[in-house]
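Q: sequence and computational prediction follow.
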Amino acid sequence: MKIVYCILDCSQAGGTERTLSVQANYFAESGHEVHIVTTEQPANDVPAYAFSPKIRFHNLAIHYRDVDGSLSPSKLLGRVRRGRLHRARLTRLLMELRADVVVTMFGHEMSFLYKIKDGSKKVAEFHFSRDSRDIECRSRGYSWAKRQFSLFKERRKRRFVRHYDAFVVLTHEDAAKWGALPNLHVIPNARTFTADVPAPLDGNEVIAVGRYTYQKGFDLLLQAWAAVCREASGWTLRIVGDGELRGELQEMVARLGLGDSVSLARQSSDVQSLYRGASIYAMSSRYEGLPMVLLEAQAAGLPVVSFACQCGPSDVITDGRDGFLVPPGDTDALAGRLLVLMRDPALRRRMGAAAYASSARFTVEEVMGRWERLFHSLLGG
């Protein structure tokens with residue numbers, strides 16, 4: 001097969017970019033011809049995730065970042081012009097490539113990709129939950145105008161999903177929100193590594209991994225950790241990542257007097273070792289699609305305490321068996337369940353073993369086998 005993926009920028013660190021690297025690498029190393037098409041100037045000189053040298057890259061130089069996120073008339077007009085340029089350049093490229101399958105990662109091409117008559121099957125891949133943008137706009141207190149514009153863009157993309165040969169979401173929880181679409185499929189993310197043995201869980205460290213953004217809710221995790229520290233000592237919290245809120249989180253650590261028990265670590269190329277050094281994983285996201293970090297934590301054999309946010313945690317965690325789910329945003333409940341695991345080594349090990357076994361559902365071979373079957377079915381194979 002000849003497969004084309006469309007994404008804004010594949011150089012950044014994030015769940016969508018990591019998922020793209022897993023899928024594209026798998027197909028390229030399996031003998032398929034894979035192309036990745038981007039629209040932006042790469043944010044990083046070196047991609048955050050490794051890509052097979054067999055993959056071919058194409059940059060359309062549209063530069064949506066120059067005009068996105070603004071309501072000024074000139075930038076709105078510039079966005080329309082870039083949209084037209086994007087469609088023209090992508091059409092020309094796809095007519096040259098003549099791919100079998102073209103996949104959009106729900107980028108700007110979502111509104112027109114299905115109309116391009118290059119002979120390929122068109123697939124839309126969604127990496128959040130249907131309500132994620134609504135949740136963010138309500139929670140962040142956007143102005144009425146900014147909220148309406150943000151929601152308009154998202155809802156506009158949603159209108160086009162039924163025109164694709166396949167529309168793929170990450171969880172059964174999210175699939176239920178889209179209704180009875182005939183082209184709807186559920187395929188989860190794949191875990192990114194396999195541990196030969198589970199983590200020993202003999203240390204006193206809780207770990208969380210993700211971008212320092214509003215979505216990941218690390219401010220909520222720090223509130224919960226402040227409550228944990230009032231009840232227990234000798235444990236540390238390591239938050240691994242980077243992003244726009246690093247300064248605010250550092251100030252919060254100082255304000256809450258957590259400096260001795262919390263570290264805000266930079267991103268690591270050896271995240272597997274970080275998981276193995278921890279004994280509990282904590283997830284405080286306000287919303288998700290299917291968090292890669294939960295799959296990684298399970299693959300390392302860590303018990304997880306997570307908000308039951310939309311969407312993903314309830315598809316991964318069986319409450320009370322391989323981790324705990326608590327109500328979204330309930331920092332007291334998050335702290336309480338962390339304390340339960342911190343005080344009970346036998347329970348930690350039992351839940352960690354269950355998490356390690358459960359992670360087999362998300363191996364690359366299992367998940368990519370589902371993608372292969374979907375593509376072959378679309379092509380009549």
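A: The structure has been received and is ready for your questions.
Q: from one end of stretch 319-339 to the other, what's the distance?
A: Criterion CA to CA, to the nearest Å; first-to-last residue distance in stretch 319-339 is 16 Å.
Q: neighbouring contacts of it?
A: Stretch 319-339 has contacts (CB atoms under 8 Å, 6 or more residues apart in numbering) with 206, 217, 220-221, 223-225, 227-228, 231-232, 280-282, 284, 286, 298, 303-310, 313-314, 317, 340-341, 351-352, 354-355, 358. Using the backbone N, CA and C atoms, a C-beta is placed for each residue, glycine as well.
Q: tell me the buried residues in it?
A: Buried residues in stretch 319-339, counted by 16 or more other CB atoms under 10 Å: 322-326, 328, 331, 333-339.
Q: do stretch 246-257 as well
A: In stretch 246-257, counting by 16+ other CB under 10 Å, buried: 246, 249, 252-253.
Q: what sits up against that stretch?
A: Here stretch 246-257 has contacts from 212, 218-219, 222-223, 225-226, 239, 259, 262, 264, using CB under 8 Å, 6+ apart.
Q: using pLDDT, spot the least trustworthy of these.
A: Looking at those by pLDDT, the weakest one is Gly259, with 89.
Q: just the closest of the buried residues of stretch 246-257 to Cys6, please.
A: Proximity of the buried residues of stretch 246-257 to Cys6 (CB to CB) peaks at Arg246, which lies at 30.4 Å.
Q: list the contacts of Ala232.
A: Ala232 touches 339, 342-343, counting by CB under 8 Å, 6+ apart.
Q: ChimeraX command for the buried members of the contacts of stretch 319-339?
A: A single ChimeraX command selects the buried members of the contacts of stretch 319-339 (16+ other CB under 10 Å):
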select :206,217,220,221,223,224,225,227,228,280,281,282,284,286,298,303,304,305,306,307,308,309,310,313,314,317,341,351,352,354,355,358
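Q: give me the most central residue, the protein.
A: By CA atoms, centre = their mean, the chain has its centre lying nearest to Gly15, at 3.1 Å.
Q: ok, that residue touching His127?
A: Yes: at 6.2 Å, Gly15 and His127 qualify as touching, with contact defined as CB atoms under 8 Å.
Q: and this protein, what are its domains?
A: 2-189+363-378, 205-362 (automatic domain parsing).
Q: please identify the deepest-packed of those domains.
A: Most buried of these, by mean neighbour count (mean count of other CB atoms under 10 Å): domain 205-362, with a mean of 20.
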